[in-house]
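[1] Sequence first, predicted coordinates after that:
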Amino acid sequence: MQHALADYDLTEHGPGEQFARAVLASDGGDVDVPIAASLPTLFPLAKHRPRYTVRHLLKSATVTEEPVTYVSEAPTPGTPEIAGTSYETSPEATFVPRLVETKLTEVTAGVAVPPDLLRDPTLLAGFVDYRVLVRLGTIENEVLLHGSADSVIPGLIGLPGARRRAAPGELTAEVITAAGEVEEMGGSCDAIVAHPNRYWDLLGSGMLARLGEVGIRVSRTRMIAPDQVLLGDFRAAVTLLESGTSQVSLCRGAGPDGSDVITAGLRLGLAVHLPQHFLLLDLR
């Protein structure tokens, strides 16, 4: 049989191959394939190009029990946004630590597929690895920035206690100023999330390379509006909580037209330690 993905290498034993083998061995019923990893980290093309997703900006922890308890330090009313030259006059001198509980929630992507695809293991494996996983990565970016539908994961863009301000000036100058403002809260600006349009603007101005020189990673995603840029001390501010496992499933006849549906998913949570370490710029 001739394949459209003739160069797909099944020797990689990716999740797509595991799923294709399970479908081939199934008796025509639903299929569930557990994967001992977080699926968004297995997207094959990520090995060959330095494109950060939102998860790449965060530190992570594997969770074995729920609920998860962590320490959060929200700013108190009257917290100054500019530090003095002593600890007593710094914003963090007013932060009050408290214990917070959270849990994980399902993040999934599903796509209806034609029946012929399920009968071709090579095409099926490639479709899962390249097309289903990229959909899951996009949905994960959306959830981390805007929150999950069940509100278990709060979106980074709308975190209570996070700062935001208008930034009508030139993009490079606004980013430089905002990076300094992030650090007024006691953190280190270590990452930026921007729409692809703004990402390429930063590249064209030479700013992207300069950010890289000081260790600031820039994630570009369509899941943030073109007129917004999110800066922060991402690794100090939040922790991505993961179960360390994922699942690829086939649900027979679950599509709106009775077609079969492939779903990929994992359980995620977010511990928010320091929401004030984020600053959202409104470029309008």
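    Great, that's in hand.
[2] what comes up buried for stretch 118-125?
    For stretch 118-125, the neighbour count (16 or more other C-beta atoms under 10 Å) marks 118, 120-125 as buried. To be clear about C-beta, it is placed using only N, CA and C from the backbone, and glycine gets the same treatment.
[3] Show me where the stretch 151-284 of the chain has its strands.
    Counting by DSSP state E, counting those that start in this stretch, the stretch 151-284 of the chain has strands at residues 163-166, 191-194, 217-220, 228-232, 238-251, 260-272, 278-282.
[4] nearest to I139, of those strands?
    strand 260-272 (9.1 Å; C-beta to C-beta).
[5] Could you check the angle the closest one makes with strand 278-282?
    Angle of strand 260-272 versus strand 278-282, following axes from the mean of the first three to the mean of the last three C-alpha atoms, to 10 degrees, is 110 degrees.
[6] what are the pairing partners of strand 260-272, and which direction each?
    In the sheet, strand 260-272 lines up against strand 105-113 (antiparallel), strand 238-251 (antiparallel) (DSSP bridges).
[7] In three-state terms, label V23 for me.
    Under DSSP: H, G, I helix; E, B strand; the rest coil, the three-state class of V23 is helix.
[8] pLDDT at it, what is it?
    Reported pLDDT at V23 in the predicted model: 96.
[9] related to what we said a few turns ago, got the strands of the stretch 151-284 of the chain as JSON lines, with mean pLDDT columns?
    As requested, the strands of the stretch 151-284 of the chain are exported to JSON lines (pLDDT from 0 to 100):
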{"stretch": "strand 163-166", "mean pLDDT": "96"}
{"stretch": "strand 191-194", "mean pLDDT": "98"}
{"stretch": "strand 217-220", "mean pLDDT": "98"}
{"stretch": "strand 228-232", "mean pLDDT": "98"}
{"stretch": "strand 238-251", "mean pLDDT": "97"}
{"stretch": "strand 260-272", "mean pLDDT": "98"}
{"stretch": "strand 278-282", "mean pLDDT": "98"}
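[10] Which single one of the buried residues of stretch 118-125 is nearest to C251?
    L118 (11.8 Å).
[11] how about TSV for the buried residues of stretch 118-125, with secondary structure, pLDDT and distance to P97 added?
    Below are the buried residues of stretch 118-125 laid out as TSV (DSSP: H, G, I helix; E, B strand; the rest coil; pLDDT from 0 to 100; distance: C-beta to C-beta, whole Å):
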residue	secondary structure	pLDDT	distance to P97
L118	helix	95	52
D120	coil	95	55
P121	helix	95	53
T122	helix	95	54
L123	helix	96	53
L124	helix	97	50
A125	helix	96	48
